[in-house]
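# Next input, structure requested:
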Amino acid sequence: VEREKQLHDLIREKDRVIRERDLKMKIKEREIEELRVSFHQVKANTVENRHLEEEVRALREKSDTDSKRISTLKKDLSIMLEEHQTFINEVEEDIGLQSKKVESLQQSLQESREKNE
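A predicted model of the protein is given here:
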């Protein structure tokens, strides 16, 4: 009877050790799965970060190109404005000269009329 009890206790102890081992294995399997998921997230984030870095680089290049283009356009516009202002000034001078000629002709015409009267 004592031997049976010892045998029964040993069987229970063996079952307990097996349950503990199974529980530890399940815990380790969960940890491994969590690490696997975490690894995939890190990998996905790394790919996304590379993609975003490429987009940022492309946008910076476009910004630099646009800035250079804007600078060129500003210079061109400034030159055009100067040329336009010069043209306006020349036209105003011509108008002034033409006005003086018209006044002179009107005055001559008036004097001529006065003499003929």
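# how close does residue 108 sit to residue 114?
11 Å (CB to CB, to the nearest Å). Every C-beta, even on glycine, is put in place using the N, C-alpha and C of the backbone.
# I'd like the distance from the helix or strand containing residue 111 to the chain centre, please.
Element membership for residue 111, per DSSP states H and E: helix 2-116. Here helix 2-116 is found 0 Å from its chain centre; the criterion is CA atoms, centre = their mean, to the nearest Å.
# got a pLDDT number for residue 53?
Predicted confidence (pLDDT) for residue 53: 97.
# go on, residue 41?
pLDDT, read off for residue 41, is 97.
# which ones are touching it?
With contact set as CB atoms under 8 Å, 6 or more residues apart in numbering, residue 41 has no partners.
# Roughly how far does it sit from residue 49?
12 Å.
# Show the model's pLDDT score for residue 115.
87.
# Nearest residue to the middle of the protein?
residue 59 (4.9 Å; CA atoms, centre = their mean).
# dump the residue contacts of that residue.
Residue 59 touches nothing, counting by CB under 8 Å, 6+ apart.
# what does residue 42 give?
Counting by CB under 8 Å, 6+ apart, residue 42 has no contacts.
# Pull up the gap between it and residue 79, please.
With CB to CB as the criterion, residue 42 and residue 79 are 55 Å apart.
# CA atoms of stretch 82-89 as CSV?
Coordinates of each C-alpha in stretch 82-89 appear next as CSV, following Å, rounded to 0.1, in the frame of the first residue of the first chain:
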residue,chain,number,x,y,z
GLU,A,82,12.6,98.3,-66.0
GLU,A,83,12.2,98.0,-69.8
HIS,A,84,8.5,98.9,-69.5
GLN,A,85,9.2,101.9,-67.3
THR,A,86,11.8,103.1,-69.7
PHE,A,87,9.3,102.7,-72.6
ILE,A,88,6.7,104.6,-70.6
ASN,A,89,9.2,107.4,-69.9
